[in-house]
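J.: Provided below for reference: sequence and predicted model.
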Amino acid sequence: MYIWQKEWAEKLLLIFILGLLDKRSTSVGCPSSCICASDLLSCVRKGLHHVPANLPATSSSLDFSHNNISHLYNNWLLGLPRLHILRLSNNHIKRLPPHAFHNASKLRHLDLSSNFLESIREELFQHLSSLEELLLYKNSIKHVDDGAFVHLSSIRKIYLSWNKLTSFSFSSLQNLTNPNLRTLDLSSNHFLKLPVEEVSSLPAFIKNGLYLHNNPLTCHCSLFALFTHWDHRHFSSVVDFSREYTCRYMGHPRAVVHILQTQKGFDNCSMDTMHGFPDTGVRVLVGKHLMVTCNSSFSQENTTYLWITPTYDFIFPPGNNNQSIKIHPNGSLEINKAQTWNSGIYLCIAVNRRLSYNFTHEVNVTVHYPKHDGESFNTGLTTLLGCVVTLVLVFIYLYMTPCRCFLCCSRPLQTPSPPQESSAQSSILCGTPPATDGPINRKAGISRHVVFLEPIKEGGAEKKPKFLQLKSGSDSSVFSDSPIVST
């Protein structure tokens, strides 16, 4: 009996102690020198060298920016189940422990900008499944692990500008478990080269927000073709910062070329290089049905499909609300009575949960009005016939004009006979007359050319003809109005 009472007393004491501890944990006050307002905790510019202990469990937003914090501890966010926003910008953090954010599964916004971080490891953000915005700009990051962002299933924006990156695994973006990424800012880094084929194979919704301006890139034709192609597609990443997309000619730091301002590319690059970035295109007439395949290599078993429209609408099986767009079990997308506004880039995402792998396929759909088959042929034939007729008329004018004063031209040194009345209103210039057998005529034909103007009748009276003498023997010709007098 005594033993039984002793055990019960120990249990009651333990329950009492746990109750006191629980009460203490839920009634933790606001840290000194910080400001607390409901579920907000602000410790901005307080000269802190470390994060305060015993943070209020009700906090959903913590702001420790503009302090002197140099390091964080593993599992330091264990008692903050409601935390959504964490700001640690403008501190002295150089390294992060692998479990620094493992207990922040509901965190949506993480700001680590303006610190001294040097690398981002794969395990750092492994448990941040709700994170939407990650700010890492203005650090000293030189390396990012290939799978550093793979587990961020809700991520929408990643800012890595103003760092020291020289390379980045663009292919890892294909393995994102949820296609929500809309902004990846890699501007103002130290990229000398880009894996053009790897970048061009990314889905359109990622390329639209992939910012690569203000990097010391080396000029080459593939780079010119890549960004020109993005400009033609009106991607925001190049349209918004068109003047900041520059490269260095031959790698020289002073020979800066504005990529999107050049007309012929680098070293007269041919626009044929654009064929390296083809869009898988499908054309369909207005009002017709269209079936677009996903081209996934997975079997249909354990595979789910998702399509993203040009307006970034997510279409899940079996389709949209009005059934104008349907998704078939094999992943094919059917557009019922296609209209012009259905044109654009469609992205298929196939996820195989058994293989833990996903596949993306991009299709460019163009909806157009019908065009008559013979229209282009008729236009070309009309143009060809017009050219032929023009050439014939020019030939007739130059080589087949009759000379109506042949007798006059054959006797250039004699007084011309009276003209025919039928030619009274015309004047014809005859060329060099043919040479005759006589020596005098041959000499005259060599020394001068005679042009005969037929007389013009005015008021029934016939005027005397005038003769023009063309002197030769020099490079220039001079016409004289003085009449030729035969001797």
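T.: Received, thanks.
J.: contacts and neighbour counts: CA atoms only from here.
T.: OK.
J.: Does N90 touch L48 like I think?
T.: No. The pair N90 and L48 fails to qualify as a contact (C-alpha atoms under 8 Å) at a distance of 11.8 Å.
J.: if I look at those two, which residues touch both of them?
T.: N67 (C-alpha atoms under 8 Å, 6 or more residues apart in numbering).
J.: And those two? Which one has more around it.
T.: A count of neighbours by other C-alpha atoms under 10 Å puts N90 above the other of N90 and L48, at 21 against 18.
J.: just for the stretch 201-350 of the chain, where's the confidence low?
T.: In the prediction, the stretch 201-350 of the chain carries residues with pLDDT under 70 at positions 262-268, 270-281, 295-301.
J.: Note down every partner strand of the helix or strand where T366 lies and its orientation.
T.: Using DSSP states H and E, T366 sits in strand 357-368. Strands that pair with strand 357-368, judged by DSSP bridges, come out as strand 281-285 (parallel), strand 344-352 (antiparallel).
J.: residues of the shortest one that come out buried?
T.: Neighbour counts using 16 or more other C-alpha atoms under 10 Å place 284-285 of strand 281-285 among the buried residues.
J.: Give me the contact list for stretch 74-93.
T.: So stretch 74-93 is contacted by 55-72, 97-104, 106-117 (C-alpha under 8 Å, 6+ apart).
J.: average model confidence for it?
T.: For stretch 74-93, mean pLDDT is 94.
J.: export it as PDB, just CAs?
T.: Extracted in PDB, the C-alpha atoms of stretch 74-93 (Å, rounded to 0.1, in the frame of the first residue of the first chain):
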ATOM      1  CA  ASN A  74      20.600  23.600 -35.600                       C
ATOM      2  CA  ASN A  75      16.900  23.300 -34.800                       C
ATOM      3  CA  TRP A  76      16.700  26.800 -33.400                       C
ATOM      4  CA  LEU A  77      13.200  27.100 -34.800                       C
ATOM      5  CA  LEU A  78      11.900  24.100 -33.100                       C
ATOM      6  CA  GLY A  79       9.400  25.900 -30.900                       C
ATOM      7  CA  LEU A  80       7.900  28.100 -33.600                       C
ATOM      8  CA  PRO A  81       5.200  26.000 -35.400                       C
ATOM      9  CA  ARG A  82       3.400  29.100 -36.800                       C
ATOM     10  CA  LEU A  83       6.400  30.700 -38.400                       C
ATOM     11  CA  HIS A  84       5.700  32.000 -41.900                       C
ATOM     12  CA  ILE A  85       8.200  34.800 -42.400                       C
ATOM     13  CA  LEU A  86      11.900  34.900 -41.400                       C
ATOM     14  CA  ARG A  87      14.200  37.900 -42.200                       C
ATOM     15  CA  LEU A  88      17.900  37.600 -41.500                       C
ATOM     16  CA  SER A  89      19.200  40.100 -44.100                       C
ATOM     17  CA  ASN A  90      22.200  42.400 -43.600                       C
ATOM     18  CA  ASN A  91      24.000  40.300 -41.000                       C
ATOM     19  CA  HIS A  92      27.400  38.600 -40.900                       C
ATOM     20  CA  ILE A  93      26.300  35.000 -41.600                       C
END
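J.: For R248, give me the backbone phi and psi.
T.: The phi/psi pair for R248 (degrees, to the nearest 10) reads phi -110, psi 120.
J.: Burial check on it, number of neighbours?
T.: There are 20 residues near R248, going by other C-alpha under 10 Å.
J.: for the one 4 residues further on, same thing?
T.: Residues contacting H252 under the criterion other C-alpha under 10 Å number 12.
J.: Who are the contact partners of it?
T.: Here H252 is in contact with no residue (C-alpha under 8 Å, 6+ apart).
J.: Could you list the low-confidence segments of the stretch 51-200 of the chain?
T.: In the stretch 51-200 of the chain (pLDDT under 70), the answer is 175-179.
J.: try 50 this time
T.: Low-confidence segments of the stretch 51-200 of the chain, defined by pLDDT under 50: none present.
J.: With only the CA atoms kept, save stretch 102-120 in CSV.
T.: C-alpha atoms of stretch 102-120 as CSV (Å, rounded to 0.1, in the frame of the first residue of the first chain):
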residue,chain,number,x,y,z
HIS,A,102,14.6,21.8,-40.5
ASN,A,103,11.7,22.7,-38.1
ALA,A,104,10.2,25.4,-40.3
SER,A,105,7.9,23.4,-42.5
LYS,A,106,5.4,26.2,-42.8
LEU,A,107,7.9,28.9,-43.7
ARG,A,108,6.9,30.8,-46.8
HIS,A,109,9.4,33.7,-47.0
LEU,A,110,13.1,33.4,-46.1
ASP,A,111,15.4,36.4,-46.5
LEU,A,112,19.1,35.7,-46.2
SER,A,113,20.3,38.6,-48.5
SER,A,114,23.2,40.9,-47.8
ASN,A,115,25.3,38.4,-45.8
PHE,A,116,28.5,36.6,-46.4
LEU,A,117,27.3,33.1,-47.5
GLU,A,118,29.7,31.2,-49.7
SER,A,119,27.8,28.1,-50.7
ILE,A,120,24.3,26.5,-50.6
